[in-house]
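# Give me a model of this one.
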Amino acid sequence: MELRAYLIETFRFNDSANKKMLNKIRQLSDKAESIKLFSHLINCQYKWMGRIIQDPKAKLMSWWDPVYDENNLETEWTKSLNIWINYLENKSDDELAKEVTFVGYDDSLWAASPKDIALQLNYHSIHHRAQIQTLIRQQGLEPDFIDYIGTKYRKLS
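The predicted structure follows:
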C-alpha cells in the first residue's frame, strides 16, 4: 500500500473511532474534560495544517482553544479531518516525504515531513481517545470497542 493511501486510511479509522466515542461523550453527566480533549484533537489538525501551508496565523493558533460547544464537535471534527483528507489526496508519496518548514513554539524555524505530521496527528488521536475512554468508564458507562483490529478481522465460523 502506498503511503498516501495508508495515511488516508488511518485518518478514516480515527474519524470512525472518534465519532463513535463522541456518541458516548454525549451520554456523560460530566462532559467538560472529554470535550476539552476532543476539541484539542480538532485544534491540532487545524494548527498542523496551518504550519504545513505556512499560514501566518498558524503561530497564533492554540493547541487547546477554542473548546468547542458539544453541539459543534462533530462538525468541527469533520471540517478539520476533511482538510487533511483533501491535502493527502492531492499529494504524492514523494511530496509527503519532503520536509516543510514552520515557525515553532519558540519562534525558531523547524522542519518536518507532512507524512510524519500526519502520523503524529493520528497517533495523538489514539492517545487522547484512550484518555476519553477512561473518563467514560470512570463515569459508569461502558466504552465502545473501537480498536483498529475491530475494523479488519472477521469471524470464519
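# Could you check how far stretch 20-29 is from the centre of its chain?
Mean C-alpha position of stretch 20-29 versus that of the full chain (Cα atoms, centre = their mean, to the nearest Å) differs by 17 Å.
# now do stretch 141-151
17 Å.
# Could you work out the end-to-end span of it for me?
End-to-end span of stretch 141-151 (Cα to Cα, to the nearest Å): 22 Å.
# which ones are touching Ala97?
Leu3, Ser113, Lys115 (Cβ atoms under 8 Å, 6 or more residues apart in numbering). Where you see a C-beta, it was placed from the backbone N, CA and C, and this is true even at glycine.
# hmm, 6 Å instead?
Listed by Cβ atoms under 6 Å, 6 or more residues apart in numbering, the contact set of Ala97 reads Ser113, Lys115.
# could you check the distance from it over to Asn122?
17 Å (Cβ to Cβ, to the nearest Å).
# same question, Gly140
29 Å.
# Now do the lengthiest helix in the chain: distance to the chain's middle.
With secondary structure taken from DSSP state H, the chain has its longest helix at helix 114-138. Taking Cα atoms, centre = their mean, one finds helix 114-138 lying 7 Å from the centre of the chain it belongs to.
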